[in-house]
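Colleague: For reference, the sequence and a predicted model appear below.
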Amino acid sequence: MTAPAMHESGSAATDPEPILSARNLVKHFPIRSTGLVRRQVGVVHAVCDVSFDLGPGETLGLVGESGCGKSTTARLVLNLIEATSGQVFYNGTDLTALSAKKMRELRRDLQIVFQDPYASLDPRMPVNEIVAEPLRIHGRYDDAGKTQVRDLLRTVGLKPEHGNRFPHEFSGGQRQRIGVARALALRPKVLVLDEPVSALDVSIQAGVLNLLDELQSELGLSYLFVSHDLSVVRHTADRIAVMYLGRIVETGTASELFEGPAHPYTQALISAIPLPDPRKQRARERITVVGDVPSPADPPSGCRFRTRCPKFAAELSDAERSRCVEEVPELVDRGQGHPAACHYAERKVLI
Amino acid sequence: MTEDLLATSKNGAATDVVLEVSDLTVGFPSDDGLVQAVRGVSYGLRRSEVLGIVGESGSGKSVTSLAVMGLLPGNAKVSGSVRFRGKELLGAPEAELNKVRGRNVAMIFQDPMTSLNPVYSVGFQVAEAVRAHHAVSKAAALDRAAELLELVRIPNPRQRLDNYPHEMSGGMRQRVVIAIAMANNPEVIIADEPTTALDVTVQAQIMESLQLAQQETGAAMVLITHDLGVIAGQADRVMVMYAGKLVEVGTAEDVFYTPRMPYTFGLLGSLPRLDRPSERLTPIQGAPPSVVNMPPGCPFTPRCPLSVAVCEEVEPALAPTTGPEHLAACHRSDALIGATPGDVFETDVVDTEALAHFVTETEGQA
Amino acid sequence: MPETPTTLATTPAGADAQDREFTVEQRSQFQLVLRRFLQHRLAMVSLVVLVLVVLLAYVGGWLWKYEAGQITPDNSQPPSFDHPFGTDAVGKDQFAQVLRGTRISLQISVMVALLSTFVGTLWGAVAGYFGGVVDSAMMRFSDLVLTLPLIAVAAMLAHLFGGSWYLIAMVIAGLTWAYVSRVARSVVLSLREKEFVEAARALGATDTRIILRHLVPNSLGSIIVNATLLVATAILTETALSYLGFGVQNPDTSLGLLVSEAQTALTTRPWLFYFPGLFIILIALTINFIGDGLRDALDPQQRKVRQ
């Protein structure tokens, strides 16, 4: 019904119709006092006015540090938590307006892989049952169900003979593969990957990343890849959106963002990641930020990054600074080739 | 045998070595048998060098340093020798160990909350650390505490002294822990995953403070981490651990540019890189072995694409490779000369046949 | 289940490395729990004792030469070879009486445990899962039940509904389920936040499915432990009720009733008092120890059980 809304602010005119788009998503969590009458005493601004498009077969990376709202955004997109305002469109359908029953049916097409492979699998269910559960829920576990489960397990690199075992008998990497198999069972179109490899060791992580890579090209999946690890995101994502304190501060293709980051936060983030290359790492230009992320319950006015911004602290004049304090910078292209939410955005080559 | 090798490879006087670990072995009895967490680790830490220990979870890297500090639980079976400036620490009485711990050898843990006491103010705790080994007045100790907080770049250190740990952010707490470690100008700092629990931008700050503090005091540092990037930026020498053993030792350049152990090689190949566009990763198949009831032979054999018959029989010892200081424990290290991770490791991960089967089965539904 | 351990020696080099991970013999969760329970000495001894008591009550009573209630010519006999627990003033064999009382008391307490666990678990699980107003309303009701003085209300209800053993059981269960509901709720509250519950919701699972397939099986451990301990509580409550004269009525008997009847003869025929008392203590104690053992065995965090 509100399909035209999708075209309003398409990030690039050449893109095909997005399969999933978020429009002005906002999520506030109430902070309640403790005690008998739990009055609301404040609001955590977890996600603020976040919009993005995900094209078919595309990977959109959502990066940021803890508390930036990336995981909340992922859950909003899947309608797992209710948005305070804003819409999510899947193939033109507004998910936020669907009934619980309709939404359950639509979950076939939208699936999620969680961060913690230890917590996301029911410890009392054997692996076969875990992978079969989506099929059962949607009434698709028929005679062929058993073979489907076997094929899924083999696809993700597990032995079907191990299907009778319980999750605790598997290593972290194997459990994450079980999570992937479960998410694939219903042949979804969109997969939300919430930090799918951050709990894994490096050598295991690579296997899961390659698996996701290959599944995407074989099945034509679209990925919303949420991660705090810029290296992983650079590896997997076609386009990247960087989040800070609930807002997207910069977005662009992977190469645009890494070759010429324009927002001081993105720059700081890129230079904070150590390169596994002694000569390069020791010779790098570093942009360091001070302090920690402010509380999302009381975000700074204007630009939310200004309290830690090296540019704000060292380069800007008082007159320029007042703009950062008073005016929320819009996420627009200021001549850097891609949108960045900084009044004084400036490309920098860091790698 | 590894001991001898290390001894000969130590060019320079033995006095240069502040901490010497030889043939350290740690086992924990369990229901299923002895868990061999550390199996014969030997190294010498030289004055003011940064020695990186890298390995995945369960490789024994943390247990090694806990054993060095004498902090393992009572049921641990520890053997070998740990000498600080020639003095044996293993089996030394607790009182003796306490003199060394905190004063000469300081430790920084991953979670700052485990090392800070929540009921005391930060200033009190730093001052306590100073007073534990120096007879100074409370006021003088507090002055020193403020200095230390400044050294680790805590803004407004004077005011911060009255804060309690819970009033500080994770990054600030870790700085306090570093300040406590620095309190007595230790000669050795053991930092066990000091930045793992923190956000990336905070990690960079902490790493910088740690480096600064280390340089200022001239202490030698053992830096334990799973992050190869941190090692690349900080460590002078690197030791790679796998299944409780050192499998490769060398300078950072040796290990990162000419690895001679397939495990290190695979690890480097499985890292997604920030500095280059996407390329195929080379994961290492399988997972680290369980360290209970270890079979003979090289523990990496089942995951190693280069393994041959001998790998299953004989566990290789550390042997010099590209230079006398660059050691690797591998029968096939020569096979890595000039190779790229893509040549050695397989990158196929999907059982395409099963996938195709699954796709045809579900065709109608999709 | 293919629980075969994969031995390392037989794994050829370069073969599928996944097998290597299962170097330690894998055990199903049930086996692990069983093993931990078997290592809990006090619980094991208690289990053996309890099984013996139950066997004695059911099989022994059937084999014993006297029936409960049967009047023998020997009255007021102290324990002897012929009457191990002695006889009462009219010549009833106390051994037969105690066995019969044990049967009734056990039946009552097991039924209490089953009933209140079933009701309480569902009640608590629903309240905990939905939270908010539903939770508040349901738990306030539970709190209300909890504030009722158990013995007094049970005495009144038992008095109203009569003294058959299953009515007594229902009365006690009607008051004890609220304890169970609190335990179940707290377990579900913590489980609800687990990612696997969110995963099930993301798959499109209904609330009913989540509660029945994920929450209840995962809280089963604590519920079983609780049910076990409830058996002990029920046996003591029943004893108290019968002792006060509001429980099981003559000619039926229970351990509590036997104790109550014997109190007038405490000085003249003390054996009438001691043996049923001993059985009450024995049952309540062993069940409590078994409950402890189960709790330790089912708790996955518990690495080493008390020996």
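Modeller: On my side now, so go ahead.

Colleague: in the sheet, who's paired with the nearest residue to A:Pro18 once chain neighbours are set aside?
Modeller: Once flanking residues are discounted, A:Pro18 sits nearest to A:Asp53: 3.7 Å by Cβ to Cβ, 6 or more residues apart in numbering or on different chains. Yep, even glycine has a C-beta here, placed from its N, CA and C like the rest. The partner list for A:Asp53 in beta bridges (DSSP bridges) reads A:Ser21.

Colleague: Show me the domain layout of chain B.
Modeller: Domains of chain B are assigned by automatic domain parsing as B:1-104+B:187-366, B:114-185.

Colleague: Redo the ones you listed as JSON lines? Include distance to chain C, mean neighbour count and mean pLDDT.
Modeller: Formatted as JSON lines, the domains of chain B follow (distance: least, Cβ to the nearest Cβ, whole Å; neighbours: other Cβ atoms under 10 Å in any protein chain shown; pLDDT from 0 to 100):
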{"stretch": "domain B:1-104+B:187-366", "distance to chain C": "3", "mean neighbour count": "19", "mean pLDDT": "86"}
{"stretch": "domain B:114-185", "distance to chain C": "18", "mean neighbour count": "19", "mean pLDDT": "90"}
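
Colleague: check which helix or strand covers A:Leu215.
Modeller: Element membership of A:Leu215, judged by DSSP states H and E, is helix A:202-219.

Colleague: Get me the contact residues on the stretch 251-366 of chain B for chain A.
Modeller: B:252-253, B:256-257, B:266-275, B:277-278, B:280-285, B:287-288, B:347, B:349-355, B:357-359, B:361-362, B:365-366 (Cβ under 8 Å from any Cβ of the partner chain).

Colleague: So for the residue of the stretch 1-150 of chain B found nearest chain A, what's the nearest residue that isn't a sequence neighbour?
Modeller: Nearest to chain A, among the residues of the stretch 1-150 of chain B, is B:Glu56, at 4.0 Å (Cβ to the nearest Cβ). Residue nearest to B:Glu56 in three dimensions, not counting chain neighbours: A:Asp201, with 4.0 Å by Cβ to Cβ, 6+ apart.

Colleague: wait, doesn't that neighbour sit right on B:Ser59?
Modeller: No - if you go by Cβ atoms under 8 Å, A:Asp201 and B:Ser59 don't touch, sitting 9.2 Å apart.

Colleague: Touching both of the two, which residues are there?
Modeller: B:Pro288 (Cβ atoms under 8 Å, 6 or more residues apart in numbering or on different chains).

Colleague: How much space separates the residue nearest to A:Arg23 when sequence neighbours are not counted from chain B?
Modeller: Nearest residue to A:Arg23, sequence neighbours excluded (Cβ to Cβ, 6+ apart): A:Gln87, at 4.7 Å. Per Cβ to the nearest Cβ, to the nearest Å, A:Gln87 is found 26 Å from chain B.

Colleague: A:Gln87 is in contact with A:Asp94, isn't it?
Modeller: Yes - A:Gln87 lies in contact with A:Asp94 (Cβ under 8 Å); the separation is 5.0 Å.

Colleague: centroid residue for chain B?
Modeller: By Cα atoms, centre = their mean, chain B has its centre lying nearest to B:Ile224, at 1.9 Å.

Colleague: ok, then the element right after the helix or strand where that residue lies?
Modeller: Using DSSP H and E, B:Ile224 maps to strand B:220-225. Next helix or strand after strand B:220-225 toward the C-terminus (DSSP H and E): helix B:228-234.

Colleague: Let me see the contact set for the nearest residue to B:Leu149 once chain neighbours are set aside.
Modeller: The shortest distance from B:Leu149 to any non-neighbouring residue, by Cβ to Cβ, 6+ apart, is to B:Pro157 (3.6 Å). Contacts for B:Pro157 (Cβ under 8 Å, 6+ apart) come out as B:146-147, B:149-150.

Colleague: Which members of the residues you listed are the farthest-apart pair?
Modeller: Farthest-apart pair in the contacts of B:Pro157 is B:Glu147 and B:Leu149; separation 7.4 Å (Cβ to Cβ).

Colleague: just to confirm, which helix or strand has B:Ala129 in it?
Modeller: Short version, using DSSP H and E: B:Ala129 is in helix B:122-133.

Colleague: And that helix, what does it pack against?
Modeller: helix B:138-151, helix B:170-182 (3 or more Cβ pairs under 8 Å, 6 or more residues apart in numbering or on different chains; DSSP states H and E).

Colleague: And the contacts of that helix?
Modeller: In contact with helix B:122-133 (Cβ under 8 Å, 6+ apart) are residues B:99, B:102-103, B:116-117, B:120, B:136, B:138, B:141-142, B:144-146, B:148-149, B:160-165, B:168, B:176, B:179-180, B:183-184.

Colleague: redo that, cut-off 6 Å
Modeller: Outside helix B:122-133, the residues that touch it by Cβ atoms under 6 Å, 6 or more residues apart in numbering or on different chains are B:103, B:141-142, B:144-145, B:148, B:161, B:163, B:176, B:179-180, B:183-184.

Colleague: got the CA coordinates for it in CSV?
Modeller: The C-alpha coordinates for helix B:122-133 follow below in CSV (Å, rounded to 0.1, in the frame of the first residue of the first chain):
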residue,chain,number,x,y,z
VAL,B,122,40.3,3.3,42.6
GLY,B,123,42.8,5.6,44.3
PHE,B,124,42.8,3.3,47.4
GLN,B,125,43.5,0.3,45.2
VAL,B,126,46.4,1.8,43.3
ALA,B,127,47.8,3.3,46.5
GLU,B,128,47.5,-0.2,48.1
ALA,B,129,49.6,-1.7,45.3
VAL,B,130,52.2,0.9,45.9
ARG,B,131,52.2,0.4,49.7
ALA,B,132,52.3,-3.4,49.3
HIS,B,133,56.0,-3.2,48.3
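
Colleague: starting at the chain centroid, how far to that helix?
Modeller: 27 Å (Cα atoms, centre = their mean, to the nearest Å).

Colleague: where do the strands sit along the chain?
Modeller: Using chain A. With DSSP state E, the ranges of strands along chain A come out as A:20-32, A:40-54, A:59-63, A:85-90, A:93-94, A:110-113, A:190-194, A:222-227, A:239-244, A:247-253.

Colleague: switch to chain B, that's the one I care about
Modeller: Using DSSP E, strands in chain B cover B:17-30, B:33-46, B:50-54, B:77-84, B:87-88, B:105-108, B:188-192, B:220-225, B:237-242, B:245-251, B:319-323, B:326-328.
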